[in-house]
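Asker: Structural data only, the sequence is not supplied:
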């Protein structure tokens, strides 16, 4: 990478990618140096000891603006950055995501009296603590999104909703990583205008800074338009009332009509906001074209996703939608086709307040969640503190350790006209498992041929003060492993 000793160079539009070092600072090491970095990217760099990205030592205080750190790694501490011996870097509008450290602080580690300052920045999805302060170090953070929370004015702890953190290739730390903000991101219009260095008018991508998004309320400070958090500014492309998805479309891939439909459903979910509908044509859709098992279709609050359309047959309107004649499949069969162990852990996920999200007219299959929590439950759908509505859909051929098809934790989804068939779990809840005050409502639901290998509830397992509401629900041919464990339904306090 780069080594600076008692020097302070200026760098702009520089990318450090794939550099390695056995010691510290794979991409950059600063000794008593304070370089100025603007619009720089650090991707997939790896250090044997500390700081896969930048190592600052002995009063080094670089200034970073509009910089991103993705999938950098350190054998010990500070996956993206390590600051030592009174170093005080200033990060403004930077994004640190997907970085890892073998010991602590995948984002930033500060040691021996170091005092970094972060403004308008995002630290999310890094391993361990996002920020680690030891030996008299103290980080000052304001108007930033820090996973797990961090004390300071204007800070938030909310999923920033990146466009596609690991990119189309499914591999983080490569140049197609897309850390721009979705239109539904809480980091939009949430920064501090006064913290931005003079002369900064564009973001890391070269798009204008200080863009107002009318459908998003300003939560930051300054004279509008308010700057976003992170290295990228959302450009305010407000979606239409209906976004179209068709895997066979050959138009402009803009999602604005059937002719110009998105071919990837992830693009539609990234653009959608409360009140928008997504119409999906028949076909099979994967959460990623790569091999990232954590990839899933994440539902959006207030957005209805509807399958069963066939634009090639003149079926372009709502009245002619037919999910049985025009099967629309959400499949977890990523990676090697037909090789189940490399499939997506969860085909669909919900996280947070999505009580008005709707999934209607889909087949969900081939999720495989058999690793560690949470990736060992809910292979078809994983609901956390959420209550989506699922209608006219089928869950089949999914497998998890718990809740083969759906796992609910603190969630109360409404399921109507839904079929669960041939789903399996290694433990309990062959098709569905409810825990932690989950209170699902099921109407006209069929459980057929599901099985739990070791525990109860071949069809459905419910525990942890969860209450069920079942109307016209049929359990047939389901299997629970042990005597008295409820081949169809098992309910315990």
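Answerer: Arrived safely, thanks for sending. Keep in mind the model is a prediction, meaning the values are calculated, not measured. Numbers count the residues shown, from 1 in each chain.
Asker: what about the stretch 251-400 of the chain, any weak spots by pLDDT?
Answerer: In the predicted model, the stretch 251-400 of the chain carries pLDDT under 70 at residues 314-315, 353-354.
Asker: now the helices: where do they sit in the stretch 251-400 of the chain?
Answerer: Using DSSP state H, counting those that start in this stretch, the helices of the stretch 251-400 of the chain run over 265-271.
Asker: For stretch 321-339, what is the spacing between the initial and final residues?
Answerer: End-to-end distance for stretch 321-339: 32 Å, by CA to CA, to the nearest Å.
Asker: Neighbours of residue 5, how many?
Answerer: Residue 5 has 12 neighbouring residues, counting by other CB atoms under 10 Å. Just so you know, the C-beta spots here come from the backbone N, C-alpha and C atoms, and that holds for glycine as well.
Asker: wait, doesn't it sit right on residue 33?
Answerer: Yes: if you go by CB atoms under 8 Å, residue 5 and residue 33 touch, sitting 6.4 Å apart.
Asker: Now do the shared contacts for those two.
Answerer: Both residue 5 and residue 33 lack any common contact, where contact means CB atoms under 8 Å, 6 or more residues apart in numbering.
Asker: Please report how far the residue minimising distance to the centre of the chain lies from residue 295.
Answerer: In the chain, the residue lying closest to the centroid (CA atoms, centre = their mean) is residue 161, at 6.1 Å. The spacing between residue 161 and residue 295, counted by CB to CB, to the nearest Å, is 14 Å.
Asker: try residue 381
Answerer: To residue 295, residue 381 is 14 Å away according to CB to CB.
Asker: can you check residue 389 too?
Answerer: 23 Å.
Asker: again with residue 210
Answerer: Taking CB to CB, one finds residue 210 at 32 Å from residue 295.
Asker: again, but for residue 350
Answerer: 15 Å.
Asker: doesn't residue 179 make contact with residue 167?
Answerer: No: using CB under 8 Å, residue 167 is not in contact with residue 179, being 9.5 Å away.
Asker: Between those two, which has more neighbouring residues?
Answerer: Neighbour count, other CB under 10 Å: between residue 167 and residue 179, residue 179 has more, with 27 against 21.
Asker: Next one: the more buried one from residue 473, what distance?
Answerer: For residue 179 relative to residue 473 (CB to CB), the value is 43 Å.
Asker: How about residue 256?
Answerer: 40 Å.
Asker: ok, residue 71 - contacts?
Answerer: 43-44, 98-100, 166, 172-174, 177 are the contacts of residue 71 under CB under 8 Å, 6+ apart.
Asker: What sits closest to it if chain neighbours are left out?
Answerer: Nearest residue to residue 71, sequence neighbours excluded (CB to CB, 6 or more residues apart in numbering): residue 173, at 2.7 Å.
Asker: quick one on the thing from earlier: more crowded one of residue 389 and residue 295?
Answerer: More crowded of residue 389 and residue 295, by other CB under 10 Å: residue 295, with 24 against 18.
Asker: Settle this for me: the more buried one is touching residue 343, isn't it.
Answerer: No: here residue 295 lies out of contact with residue 343, judged by CB under 8 Å, at a distance of 10.3 Å.
Asker: if I look at the two, which residues touch both of them?
Answerer: residue 334.
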